[in-house]
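Trainee: When you get a sec, could you give me coordinates for this:
(one chain, ligands or ions: 1)
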Amino acid sequence: MNIETYQFGYSVYESSDELSSEDKSLLDKARVITQKAYAPYSEFHVGAVALLKNGEFVNGTNQENASYPVSICAERTLLSSAAMLHTDIPIDIMAIAYHNLNGKSDKPVSPCGMCRQALHEYSQRTHSPIRLILSGMEGKVFIIDHSDDLLPLSFGGDDLKTN
Ligand code: THU
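Mentor: Next up is the predicted model:
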């Protein structure tokens, strides 16, 4: 019997003022785009903006539904748009911000499990890691160099191969 360990490091910044100008500008865009969320039920407005390898930007916000499970997160809205609009172009960086209308928005939140799986698939199909910038409307910022770090022992297309 062996015990395997999994460890990953991420960068923590006290505020967006400490970021490079490129990272800060992407996070600022994500913070602004939270205004486009459709979240009348949770009132938790999430905005995501990606910079693609071809220099294009793609946005996503959460889109809720009165039938709650039909709702889709900002990250997956973005990934679907990116795959359609810029097929096979890798995503370099994705900034994800949120504005909680019923509470504070001053510490980073990280993508839900379903979005981690969707990020993993996008990264696999484009053969490229996705760097994540996570924050609220103010306060600390986390930078995770590879979104796959958030999904240890991931399940993917290779697992479905027959040999
Ligand atoms: N949500 C996202 O859009 N992204 C996340 O990473 C976490 C949660 C959305 C889903 C739902 O519309 C609302 O936030 C509250 O869970």
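Trainee: Only C-alpha atoms from now on, for both contacts and neighbour counts.
Mentor: Fine.
Trainee: hey, where'd the helices end up in the protein?
Mentor: Ranges of helices in the chain, per DSSP state H, are 21-33, 74-85, 113-126.
Trainee: Figure out which of these is closest to the ligand.
Mentor: The ligand lies closest to helix 74-85 among those, at 4.0 Å (Cα to the nearest ligand atom).
Trainee: chain center to the closest one, what's the gap?
Mentor: A distance of 11 Å separates the centroid of the chain from that of helix 74-85, by Cα atoms, centre = their mean, to the nearest Å.
Trainee: Could you list the low-pLDDT ranges of the chain?
Mentor: Along the chain, the model assigns pLDDT under 70 to no residue.
Trainee: How about the residues of it by the ligand?
Mentor: Proximity of the chain to the ligand is assessed by Cα under 6 Å from any ligand atom, with 39, 42, 44, 46, 62, 64, 73, 74, 110, 111, 112 identified as the residues in range.
Trainee: what's near enough to touch the nearest residue to residue 88 once chain neighbours are set aside?
Mentor: Counting by Cα to Cα, 6 or more residues apart in numbering, residue 88 lies nearest to residue 126, which is 5.6 Å off, once chain neighbours are set aside. Residue 126 sits next to 88, 89, 90 when contact means Cα atoms under 8 Å, 6 or more residues apart in numbering.
Trainee: rewinding a little: out of the helices of the chain, nearest to residue 149?
Mentor: Between residue 149 and the helices of the chain, the tightest spacing by Cα to Cα is seen for helix 113-126, at 9.4 Å.
Trainee: what about the strands in this structure?
Mentor: All strands of the chain, identified by DSSP state E, fall at 11-13, 44-52, 57-61, 91-100, 131-135, 141-144.
Trainee: relative orientation of the fifth one and helix 21-33 in degrees?
Mentor: What that stands for is strand 131-135. 50 degrees (axes from the mean of the first three to the mean of the last three Cα atoms, to 10 degrees).
Trainee: Show residues contacting strand 131-135.
Mentor: Contacts to strand 131-135, defined as Cα under 8 Å, 6+ apart, come from residues 23, 27, 92-98, 106-110, 141-147.
Trainee: Output that strand as CSV, nothing but the C-alphas.
Mentor: C-alpha atoms of strand 131-135 as CSV (Å, rounded to 0.1, in the frame of the first residue of the first chain):
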residue,chain,number,x,y,z
ARG,A,131,-4.5,30.2,-16.0
LEU,A,132,-7.2,31.4,-13.6
ILE,A,133,-7.5,34.8,-11.9
LEU,A,134,-10.1,34.6,-9.1
SER,A,135,-11.4,37.5,-7.1
